[in-house]
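Engineer: here you go, sequence then predicted model.
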Amino acid sequence: MKFSMLASGSKGNCCVVENKDSRIVIDCGTTKKYLNSSFNEIGIDPHAVDGLLITHTHKDHIAAIKLFEGIDTYAEEDLGIMNQKIIHPDDEFTISSIHVRCIRLSHDAACMGYLLEDEESRLVYVTDTGYFKEEYYPLLCNADDYIFESNHDIGMLMKTSRPAYVKQRIIQDNGHLCNEDSAKHLANLIGERTREIVLAHLSEEGNSHERALTVLEETLLREQRMKENLKLRAAKQHEVLTGGRR
């Protein structure tokens, strides 16, 4: 499988995962204009994808859902749209040739992560969670690619001008993962077949790509989990990032 991160952050999120037979979109939380432009950039018609997976119903994850009208849409909460399939934690199903497993996350809205698998590769997609259950380690370990939240640096977040209640919402167990917690989980998850980690949903004010990647690399080195051929990158808010087996 290969993936294209079209948008990642508090202003909007969208990812496309595809193989030779299937194309799946995860979230659609940015403007229709930007999504149409980004889909054109990667050469995909958004009206011809096989399925839309929704992590949760915050605006930065579903804002452009009307763009996918008529597409089978998988979400835990009722979206009030045609073609929706209600899903639950630990559900498993197949979209075309890609097998999907739902993962319960911890956010201030009912939120899912996803494990996507085909005959050749495994991809883990986890964003918008303040707490990640270690009981998922056996299921999600040694994937080929990880798209994993690394939302904030606690020190940088506390220095922002955001209200105290917003900062508290972010750092609590149903908020977002900080760099250190994200790196700790990834150090426990990656394995010999892992090719790439993409850090996702980075705060523009309370984090930086450089800081998040530094914490991840230092953690992997300290835990003796860093590999010479392991690629570490961070997704951006308004820039397409592609990866996976191409």
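Structural biologist: Looks like it arrived, so ask away. As the structure is a computational prediction, the values presented were derived from the model and not from experiment.

Engineer: list the helices and strands the biggest helix by length in the chain packs on?
Structural biologist: Scanning the chain for the longest helix, with DSSP state H as the assignment, gives helix 209-222. Other elements packing on helix 209-222 under the criterion 3 or more Cβ pairs under 8 Å, 6 or more residues apart in numbering; DSSP states H and E are helix 179-189, strand 196-200, strand 231-234. The way it works is simple: take the backbone N, C-alpha and C, and place the C-beta from them, glycine included.

Engineer: let me see the ranges of the strands in the protein.
Structural biologist: 2-7, 14-18, 23-26, 51-53, 73-75, 84-86, 92-95, 98-104, 112-117, 122-126, 145-149, 196-200, 231-234, 241-244 (DSSP state E).

Engineer: with distance to K184, mean neighbour count and mean pLDDT added, can I get those in TSV?
Structural biologist: Output for these, formatted as TSV (distance: least, Cβ to Cβ, whole Å; neighbours: other Cβ atoms under 10 Å; pLDDT from 0 to 100):
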stretch	distance to K184	mean neighbour count	mean pLDDT
strand 2-7	22	23	98
strand 14-18	23	25	99
strand 23-26	24	24	99
strand 51-53	26	24	98
strand 73-75	29	22	98
strand 84-86	33	13	96
strand 92-95	27	14	98
strand 98-104	17	20	98
strand 112-117	16	23	98
strand 122-126	13	25	99
strand 145-149	11	26	99
strand 196-200	13	25	99
strand 231-234	15	16	98
strand 241-244	22	18	97
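
Engineer: JSON lines please, covering those and showing distance to E180.
Structural biologist: What follows is these, written out as JSON lines (distance: least, Cβ to Cβ, whole Å):
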{"stretch": "strand 2-7", "distance to E180": "22"}
{"stretch": "strand 14-18", "distance to E180": "24"}
{"stretch": "strand 23-26", "distance to E180": "25"}
{"stretch": "strand 51-53", "distance to E180": "28"}
{"stretch": "strand 73-75", "distance to E180": "30"}
{"stretch": "strand 84-86", "distance to E180": "35"}
{"stretch": "strand 92-95", "distance to E180": "32"}
{"stretch": "strand 98-104", "distance to E180": "21"}
{"stretch": "strand 112-117", "distance to E180": "19"}
{"stretch": "strand 122-126", "distance to E180": "16"}
{"stretch": "strand 145-149", "distance to E180": "12"}
{"stretch": "strand 196-200", "distance to E180": "12"}
{"stretch": "strand 231-234", "distance to E180": "15"}
{"stretch": "strand 241-244", "distance to E180": "23"}
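
Engineer: good, wrapping up.
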